[in-house]
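Novice: everything below, folded, please.
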Amino acid sequence: MSEVLIYILLTLGVLLGIILLAPIHLDILGEYAESLSFQGRVRWAWGLFSFEVIRSEGRFHWSLGFLGLKKAKPKSIRKTPGRKKLRTEKKPGGSSGNISSFINLQLFTALKVVFRKLVRALHLELNLTGTYGFEDPSLTGVTVGVIAALNRGSSSIDLNPDFTRALVDIRGSVRGWFIPFQILTICVVFSLKKPVRAIWWPKIKYRKKQKEAVQYA
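Specialist: Now for the predicted structure:
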């Protein structure tokens with residue numbers, strides 16, 4: 001019985017290793033002006049499995065593929081706008097917390113480092129043109145810095161910021177590939193950084209104390 005369990009665990013370990021180490025390729029071509037339209041394809045393990053999705057005129061079409069064979073596309077569905085949710089006041093001391101209290105130079109440094117690592121790990125190739133802007137000019141300025149960081153290597157980004165109004169008129173393509181294990185490792189290491197840990201660790205301790213208080217009440 002123990003030998004069977006060992007074989008099962010080894011098999012699961014091998015499968016998990018294949019899933020985490022097999023590369024994932026992505027190709028997206030689209031535009032956003034008055035509405036979003038795009039065509040995207042994700043391939044796993046050099047095309048062993050694939051997923052394609054198309055959005056055009058508010059309709060989605062998707063298909064699954066295995067070894068080049070595609071499943072018949074389902075009937076496209078037009079999404080209807082849902083009802084707007086009412087705003088709810090945040091309770092003090094809740095799980096949401098005040099994120100602004102954690103923003104500091106250390107957190108910005110950690111975000112900058114993980115952003116660069118993710119960009120390298122994703123092997124992105126961006127070809128984008130257009131104009132963009134936000135109601136808050138400072139947010140537009142931050143976006144300028146992010147785009148400058150992305151516009152390196154094989155990428156070609158020609159996006160012009162508009163600091164006077166909210167505007168999005170962008171078209172182009174995004175290509176890249178990544179190893180899931182590498183992305184997972186980067187995210188785990190980032191979450192354990194001191195300025196990041198200071199955000200989620202107190203919440204875990206708070207919930208643990210609440211559970212203990214209920215148990216011994």
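Novice: shaky segments in the protein?
Specialist: Counting by pLDDT under 70, the ranges of the chain that qualify are 1, 72-103, 216-217.
Novice: ok, longest strand in it?
Specialist: The residue-count maximum for a strand in the chain (DSSP state E) belongs to strand 167-178.
Novice: in the lengthiest helix in the chain, what's buried?
Specialist: Longest helix in the chain by number of residues (criterion: DSSP state H): helix 194-215. Residues of helix 194-215 classed as buried: P195, V196 (neighbour count, 16 or more other CB atoms under 10 Å). Every residue, glycine included, has its C-beta placed from N, CA and C.
Novice: pull that helix out as CSV, backbone CA atoms only.
Specialist: Extracted C-alpha coordinates of helix 194-215, given in CSV (Å, rounded to 0.1, in the frame of the first residue of the first chain):
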residue,chain,number,x,y,z
LYS,A,194,9.6,43.0,4.3
PRO,A,195,7.5,46.0,3.0
VAL,A,196,5.1,43.6,1.3
ARG,A,197,5.0,41.2,4.2
ALA,A,198,4.0,44.1,6.4
ILE,A,199,0.7,44.4,4.4
TRP,A,200,-0.5,40.8,4.6
TRP,A,201,1.1,39.3,7.7
PRO,A,202,-0.7,41.5,10.3
LYS,A,203,-4.0,40.6,8.7
ILE,A,204,-3.2,36.8,9.1
LYS,A,205,-2.3,37.4,12.8
TYR,A,206,-5.5,39.4,13.3
ARG,A,207,-7.7,36.7,11.8
LYS,A,208,-5.9,34.0,13.8
LYS,A,209,-6.5,35.9,17.1
GLN,A,210,-10.2,36.3,16.1
LYS,A,211,-10.5,32.5,15.6
GLU,A,212,-8.8,31.8,18.9
ALA,A,213,-11.1,34.3,20.7
VAL,A,214,-14.2,32.5,19.2
GLN,A,215,-12.8,29.1,20.2
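Novice: helices or strands next to that helix in the packing?
Specialist: The contact analysis (3 or more CB pairs under 8 Å, 6 or more residues apart in numbering; DSSP states H and E) places helix 194-215 against helix 105-122, helix 180-191.
Novice: can you say which of these is nearest to R165?
Specialist: Closest to R165 of those is helix 105-122 (CB to CB; 27.1 Å).
Novice: which parts of that closest one are buried?
Specialist: L107, A110, V114, K117, L118, V119, A121, L122.
Novice: now the angle between strand 167-178 and that helix, please.
Specialist: For helix 105-122 against strand 167-178, the angle by axes from the mean of the first three to the mean of the last three CA atoms, to 10 degrees is 60 degrees.
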